[in-house]
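J.: This is a predicted model, with the sequence first.
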Amino acid sequence: MMLKAVILIGGPQKGTRFRPLSLDLPKPLFPVAGLPMLQHHIEACAAVPDIREILLLGYFPAQQLQQFVSDMIAEYKIRIRYLQEYHALGTAGGIYHFRDQISFGNPDAFFVLNGDVCGDFPLQQMLKFHTGLATPSLITIMGTEATRQQSTMYGCIAEDKETHQILHYVEKPSTFVSTLINCGVYICSPGIFKTVKEIFNSRQDFQNSCDEREASESIQLEQDILMPIAGTGQAYVYTTDRWWSQIKTAGSAIYANRHYLQLYLRTHPARLTDNAPGKPKIIGDVYIHPSATVDSSAVLGPNVSVGKNAVIGAGVRIRESIVLGNSTIKEHSCVLYTVVGWNSTVGAWSRLEGTPCDPNPNKPFAKMDNVPLFNSEGKLNPSITILGCNVTVPAEVIVLNSIVLPYKDLPHSYKNEIIL
Ligand SMILES: Nc1nc2c(ncn2[C@@H]2O[C@H](COP(=O)(O)OP(=O)(O)O[C@H]3O[C@H](CO)[C@@H](O)[C@H](O)[C@@H]3O)[C@@H](O)[C@H]2O)c(=O)[nH]1
């Protein structure tokens, strides 16, 4: 069998809720558990033996992904290419536009993964399900359970419980449809190109202006393909109960970081730091880049990632946080539920603290809420604390639930503020 994978990575206008972390590099390259987010997708795809090529589809300028793509080819020894859309073509428009590249070599099927989801993807099991169906599936969706209330923020699927055929699909319905939601991971049979082509052609009749042309070329996999295909016997759902989440807000990076670190226990234990004499104290799952310097009296964990060339001083305490490359945390500072941006410095005896945005542990199948930055009264909602890149925090201050934009020297303590 020959398979390919397509990863939808969007473009610069996407990922705005991820600011200020997406100001310096494309959101899909933001490091989670020590690796660019997208590398986790590539790693999952590269582990499926029949996947021969991975195509990244997006509208970021090509040079922003060049280095990453060559690093990934070197690491996973698999063909990987970035195909740039000249403007946002929608979640299926790129698949149509680059159909020749995707179909080249006649793959039997291809995976499609949203670049902004994370999880312990059961790709091989899903493939087995897809290929083992009695009647062929044009598209198989990975689905998972959500709470009744949160389900409407996702694509909702009504299935035939026996055959797993999709009877009905509604994208982000205004009222409740089903607690089975779309994970943004699909397996498509090559026949899907014909369906997308029909949509594309039907749109071409209506264009007058350039804007209309752009709009007519944009095709959404969810509304334009899944909704009409549901109920025709050509779409199926494969349900998983493994860890899965979106990564929309900066706060979700901390949550994803924790889960990917946990996954390393099973998949890549060598990536996790062990306790050893004369080394910093490690609690739970912690990733430290080999080039980082951590003082032996520091205490890290659980759920901490420390990037390239970071320097962590004596007596520092870090928990549930991501410390990015080239940053310095000076002696006896404390960092909790925080992302420290590249090249930032935190002075001695300071405290950075944020509020976690974890799913409600008392509700089965609850997902993380993608809380907006401001509430209805215009006040900042509690969030993780984020330092953009090149921020300097002086000694002996507290930064609580605040978001600091890049290149800022903080003069004093802050609480619940966006510091511009
Ligand atoms: N290449 C490309 N990628 C795109 C484009 N538009 C969006 N994407 C990428 O496609 C993915 C889906 O993005 P959205 O369009 O923002 O959809 P969503 O709100 O995340 O909802 C989708 O995903 C949910 C699961 O996370 C689903 O539940 C839902 O049904 C839907 O498929 C993201 O990874 C995004 O970067 C585009 O024009 N071009």
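T.: Cool, got the structure.

J.: residue contacts, whichever residue of the stretch 51-200 of the chain sits closest to the ligand?
T.: Residue of the stretch 51-200 of the chain nearest the ligand, by CB to the nearest ligand atom: Gly155 (2.3 Å). Every residue, glycine included, has its C-beta placed from N, CA and C. Neighbouring residues of Gly155 by CB atoms under 8 Å, 6 or more residues apart in numbering: 141, 169-172, 181-182, 222, 226.

J.: I'd like those laid out as CSV, including distance to the ligand.
T.: CSV is the format used below for the contacts of Gly155 (distance: CB to the nearest ligand atom, whole Å):
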residue, distance to the ligand
Ile141, 9
Tyr169, 9
Val170, 9
Glu171, 5
Lys172, 7
Ile181, 5
Asn182, 4
Glu222, 5
Leu226, 8
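
J.: PyMOL command for the buried members of those?
T.: PyMOL command restricting the contacts of Gly155 to the buried ones, with burial defined by 16 or more other CB atoms under 10 Å:
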select buried, resi 141+169+170+171+181+182+222+226
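
J.: farthest pair in the contacts of Gly155?
T.: Spanning the widest gap among the contacts of Gly155 are Ile141 and Lys172, at 14.8 Å by CB to CB.

J.: The helix or strand harbouring Leu57 and the ligand, any residue contact?
T.: Using DSSP states H and E, Leu57 sits in strand 51-58. Yes: contact between strand 51-58 and the ligand, assessed by CB under 6 Å from any ligand atom, occurs at 57-58.

J.: Which secondary structure elements does that strand sit against?
T.: The elements that strand 51-58 packs onto, with contact taken as 3 or more CB pairs under 8 Å, 6 or more residues apart in numbering; DSSP states H and E, are strand 3-10, helix 37-46, helix 63-76, strand 79-84, helix 90-97.

J.: Go again with 6 Å.
T.: strand 3-10, helix 37-46, strand 79-84 (3 or more CB pairs under 6 Å, 6 or more residues apart in numbering; DSSP states H and E).

J.: Would you tell me which of the ones you listed gets closest to the ligand?
T.: Comparison of the helices and strands packed on strand 51-58 against the ligand by CB to the nearest ligand atom identifies strand 3-10 as nearest, at 2.5 Å.

J.: Could I get the average pLDDT for the closest one?
T.: Averaging pLDDT along strand 3-10 gives 98.

J.: Return it as PDB; C-alpha atoms alone will do.
T.: Extracted C-alpha coordinates of strand 3-10, given in PDB (Å, rounded to 0.1, in the frame of the first residue of the first chain):
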ATOM      1  CA  LEU A   3       0.000   6.400   1.400                       C
ATOM      2  CA  LYS A   4       0.600  10.100   1.800                       C
ATOM      3  CA  ALA A   5      -0.200  12.700   4.400                       C
ATOM      4  CA  VAL A   6      -1.300  16.300   4.000                       C
ATOM      5  CA  ILE A   7      -1.000  18.700   6.900                       C
ATOM      6  CA  LEU A   8      -3.000  21.900   6.800                       C
ATOM      7  CA  ILE A   9      -1.000  24.600   8.500                       C
ATOM      8  CA  GLY A  10      -2.900  27.800   7.500                       C
END
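
J.: Next, count neighbours for the nearest residue to Ala62 once chain neighbours are set aside.
T.: Residue nearest to Ala62 in three dimensions, not counting chain neighbours: Gln84, with 5.1 Å by CB to CB, 6 or more residues apart in numbering. By other CB atoms under 10 Å, 16 other residues sit near Gln84.

J.: Gln84 contacts Pro61, doesn't it?
T.: No: the criterion here is CB atoms under 6 Å, and Gln84 misses it with Pro61 at 7.5 Å.
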